[in-house]
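**Q** predicted model follows, preceded by the sequence.
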Amino acid sequence: MLQIAFIRENQEKVIKALAKRNIDAKSVVEEVVQLDENRRATQVELDNTLAESNKLSKDIGELMKAGEKSKAAILKEKTVSLKEKSKELGEKAEALAVELTNKLYTLPNLPADIVPEGKTPDDNLNVFEEGDIPVLHEGAQPHWELVKKYDIIDFELGVKIAGAGFPVYKGKGARLQRALINYFLDKNTAAGYNEVQVPHLVNEASGYGTGQLPDKEGQMYHSTIDDLYLIPTAEVPVTNLFRDVLLSETELPVLYTAYTPCFRREAGSYGAHVRGLNRLHQFDKVEIVRVEHPDNSYAALDGMVEHVKDILKELKLPYRVLRLCGGDMGFTSALTYDFEVFSTAQDRWLEISSVSNFETFQSNRLKLRFKDKDGKNQLAHTLNGSSLALPRVLAGILENYQTPEGIVIPEVLRPYCGFDIIN
């Protein structure tokens with residue numbers, strides 16, 4: 001979340017920045033500042049009351065030693081009143097702090113200066129495009145038809161077992177899925193990312209730590225009895241490894257990668273654009289996460305973008321990179337680049353990765369800090385990216401690599417698959 005001190009000292013700047021997200025934040029910012037003033041004033045009054053009570057206790061002790069019990073009794077009556085007052089003030093300060101935190105949770109991150117103006121995905125800025133869009137043979141099909149033809153993914157079986165959006169991968173389809181996971185992990189670890197395996201369920205504190213809660217509560221699967229949430233991305237458990245952690249500056253940067261299944265309710269998603277693998281409730285994804293010194297985080301973001309580019313070059317898929325506009329950015333992001341592959345059979349672009357810098361937005365919630373060279377504690381910057389999300393990458397491979405003889409496997413994946421064609 002945003003730092004209250006920054007909001008207090010930069011109210012107009014915060015309001016102007018959030019306007020880029022098409023949010024009129026004036027009233028909320030004013031309410032936040034007023035709550036903070038009330039909380040701080042209450043805390044000052046509480047501190048003064050406790051100090052007075054402590055002084056009286058010391059005076060009582062001295063009077064008792066001097067044998068002046070009647071004077072000590074008078075002061076004791078005052079301390080009783082002060083204790084009651086301090087209790088009331090403590091409860092008031094705590095209630096104001098909770099109210100302030102809950103209000104801060106409603107404010108998204110401030111967009112970076114280079115985030116373009118805009119309200120919808122149509123306003124995103126295309127900053128890079130590479131790869132030739134293949135010309136497919138007559139009778140080429142979208143992936144949801146191809147998987148039936150070659151019996152490699154069964155959507156109906158998934159409906160039988162769990163419901164729509166939970167596909168069953170079969171035979172070469174399952175092996176190709178596993179090949180992609182291993183390939184992505186190998187690319188990431190070769191680039192210096194440390195592989196971790198993390199829980200697929202997280203507690204409420206973890207959801208709040210990375211900003212999925214309360215913003216995305218309706219999109220997360222919630223195990224109510226245990227009060228645990230199925231993860232929507234490995235970003236949540238991996239970044240929370242550093243909740244309440246104080247690093248030394250020499251430990252930065254920290255680079256992690258993880259494969260996990262991901263679970264999203266996708267409430268309200270319908271229409272032709274969600275067919276097949278285009279949008280699922282359960283899907284596999286390999287994630288990269290970085291904890292960076294604030295001075296280096298944007299250079300690190302550029303490096304992550306180049307890393308994902310390299311993967312897509314090796315897969316030989318036509319792709320483009322978009323800098324998201326203010327109206328299309330995620331709640332927690334300061335700057336996001338989306339990667340899209342072109343689905344030739346569907347004649348449309350499919351998002352397959354988001355690479356984002358959150359600056360201090362997550363670390364402020366997580367209390368993720370580092371001690372700088374001067375011995376001062378600073379909030380770190382956190383970043384993450386999909387490297388990569390599998391369903392739409394798989395859809396792109398199936399559609400763009402289809403031939404009359406079958407689906408050719410990208411050369412870089414053949415050692416992982418153990419076969420070079422699905423037929």
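**A** Sure, I can see it. Residues are numbered from 1 along each chain as shown.
**Q** all strands of the stretch 1-150 of the chain, in order?
**A** Counting by DSSP state E, counting those that start in this stretch, one finds strands in the stretch 1-150 of the chain at the ranges 125-130.
**Q** point out where it drops to low pLDDT.
**A** Applying pLDDT under 70 to the stretch 1-150 of the chain picks out no residues at all.
**Q** for it, which segments count as helices?
**A** For the stretch 1-150 of the chain, helices defined by DSSP state H, counting those that start in this stretch occupy the ranges 4-9, 11-19, 26-65, 69-104, 143-150.
**Q** how about the stretch 151-300 of the chain?
**A** Going by DSSP H, counting those that start in this stretch, the stretch 151-300 of the chain shows helices at 155-161, 171-190, 204-210, 235-240, 297-315.
**Q** so the second one versus helix 297-315, what angle?
**A** Orientation note: helix 171-190 sits at an angle of 140 degrees relative to helix 297-315 (axes from the mean of the first three to the mean of the last three CA atoms, to 10 degrees).
**Q** model confidence over helix 171-190, on average?
**A** When pLDDT is averaged over helix 171-190, the result is 98.
**Q** buried set for that helix?
**A** For helix 171-190, a neighbour-count test (16 or more other CB atoms under 10 Å) marks 172-173, 175-177, 179-185, 187-188 as buried. Using the backbone N, CA and C atoms, a C-beta is placed for each residue, glycine as well.
**Q** between these, which is closest to residue 65?
**A** Of all the buried residues of helix 171-190, residue 188 has the smallest distance to residue 65: 70.1 Å, by CB to CB.
**Q** enumerate every residue touching the closest one.
**A** Going by CB atoms under 8 Å, 6 or more residues apart in numbering, residue 188 touches 195, 257, 286, 288, 307, 387.
**Q** likewise residue 3?
**A** 360, 364, 379.
**Q** select from the residues you listed the one having the most neighbours.
**A** residue 360 (23 neighbours; other CB atoms under 10 Å).
**Q** report the beta-bridge partners for the closest residue to that one other than its chain neighbours.
**A** Nearest residue to residue 360, sequence neighbours excluded (CB to CB, 6 or more residues apart in numbering): residue 379, at 4.2 Å. Beta bridges link residue 379 to residue 369 when assigned by DSSP bridges.
**Q** wait, residue 379 sits on residue 368?
**A** Yes: taking CB atoms under 8 Å as the contact criterion, residue 379 and residue 368 are neighbours in contact, 6.9 Å apart.
**Q** so where's the stretch 151-300 of the chain uncertain?
**A** In the predicted model of the stretch 151-300 of the chain, residues 267-273 satisfy pLDDT under 70.
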